[in-house]
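S.K.: just coords:
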């Protein structure tokens, strides 16, 4: 079964972020940091952000896992509830504040995709493709949801695109294999994700035609694997792919309408993953500073350069490491998750500043908490995002 990987942290470590080269005359971005906290538990993650700075995600509460929606500009979190069961998670948001994700039903064994009303209102069950399970990952301005669902008798998992405002689910098929997953959707209804190719020998990133049309194989960076995790209005796709010889995984950005993949490289000697892209072609994600290191740092790729987001804050944030950036809006808001000074995973929002701070491009030495392995909380979430 395919699962989108996330790295979590469990030990103490001290790391100095290196200078990142800048394109000639390119302004250095600078951000104000907001720790979004939790809904009462010890873990939260921001997964998507809209143009008003509303963040969708999930958080532990005192008793369960709950999808949340924040107020604009890093405001307080609201618990979105469930579909009758105990847990829910939010993964996508549009500018109306409609959130998509997945939630357990009253039997506590079945998980369905949902779409909320505007501003995080009532959750609506999107159903499945004939099986028992479904998962929603992204939503566009029209309320079309992209995700994945089990087919009749739970034989396969296929990517889907819903109708407007969470209408009926359309099966997107595959690239020839038995399984596909939809992770992103743009205003035209082009869905990006991954699929097994013929004979199920490997998985490739895909981009569909408008309104859930035919899937197109985006290829790789020379290896056997690729995954698409974000798409913008012009059909530029970001994600991750193996290099030639399957020696490493790097973030990529495609040309318009799923054109040629550009290797975005990495900072240091490690790997990188692209999680989201906005209409300006800015990509956010995470990278490993060292090939053997389990520690990840959040990045933004802008003006042809990959920059560590930890070095772009307008003030030092004591003890907090930005580990992964998962969403970026057209207005420049960035969300994701990191490790706070108490050693807990928290969602964050970065608000872009109007002008760079005087020293925003210099190296920033950070005393940070880092980790090895997957925490039990995120393992639970990864299982939730996998197909049953």
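M.R.: On my side now, so go ahead. Note that the structure is predicted; figures quoted are calculated from it, not measured.
S.K.: the strands in the stretch 251-388 of the chain, which residues?
M.R.: According to DSSP state E, counting those that start in this stretch, the stretch 251-388 of the chain carries its strands in the segments 261-263, 272-277, 283-287, 297-302, 305-308, 321-328, 334-339, 345-352, 364-370.
S.K.: and the ones you listed as a markdown table, adding distance to residue 241 and mean neighbour count?
M.R.: C-beta: built from backbone N, CA, C; applies to glycine. Shown next, in a markdown table, are those (distance: least, C-beta to C-beta, whole Å; neighbours: other C-beta atoms under 10 Å):
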| stretch | distance to residue 241 | mean neighbour count |
| --- | --- | --- |
| strand 261-263 | 7 | 19 |
| strand 272-277 | 9 | 28 |
| strand 283-287 | 12 | 27 |
| strand 297-302 | 15 | 26 |
| strand 305-308 | 15 | 21 |
| strand 321-328 | 18 | 27 |
| strand 334-339 | 21 | 28 |
| strand 345-352 | 26 | 24 |
| strand 364-370 | 26 | 19 |
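S.K.: quick one: closest of those to residue 37.
M.R.: strand 345-352 (6.3 Å; C-beta to C-beta).
S.K.: what is the closest one packed up against?
M.R.: strand 31-37, strand 44-49, strand 55-60, strand 321-328, strand 334-339 (3 or more C-beta pairs under 8 Å, 6 or more residues apart in numbering; DSSP states H and E).
S.K.: which stretches of this structure have low pLDDT?
M.R.: Low-confidence segments of the chain, defined by pLDDT under 70: 1-26, 355-388.
S.K.: returning to that earlier point: among the helices and strands packed on strand 345-352, which comes closest to residue 118?
M.R.: strand 55-60 (13.0 Å).
S.K.: packing partners for the next helix or strand after that closest one?
M.R.: Per DSSP states H and E, the first helix or strand lying C-terminal to strand 55-60 is strand 65-70. Helices and strands touching strand 65-70, by 3+ C-beta pairs under 8 Å, 6+ apart, are strand 55-60, strand 77-79, strand 88-93, strand 99-104, helix 376-385.
S.K.: follow-up on the earlier one: save the strands of the stretch 251-388 of the chain as JSON lines, and put in distance to residue 74 too.
M.R.: Shown next, in JSON lines, are the strands of the stretch 251-388 of the chain (distance: least, C-beta to C-beta, whole Å):
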{"stretch": "strand 261-263", "distance to residue 74": "32"}
{"stretch": "strand 272-277", "distance to residue 74": "18"}
{"stretch": "strand 283-287", "distance to residue 74": "16"}
{"stretch": "strand 297-302", "distance to residue 74": "16"}
{"stretch": "strand 305-308", "distance to residue 74": "21"}
{"stretch": "strand 321-328", "distance to residue 74": "13"}
{"stretch": "strand 334-339", "distance to residue 74": "9"}
{"stretch": "strand 345-352", "distance to residue 74": "4"}
{"stretch": "strand 364-370", "distance to residue 74": "21"}
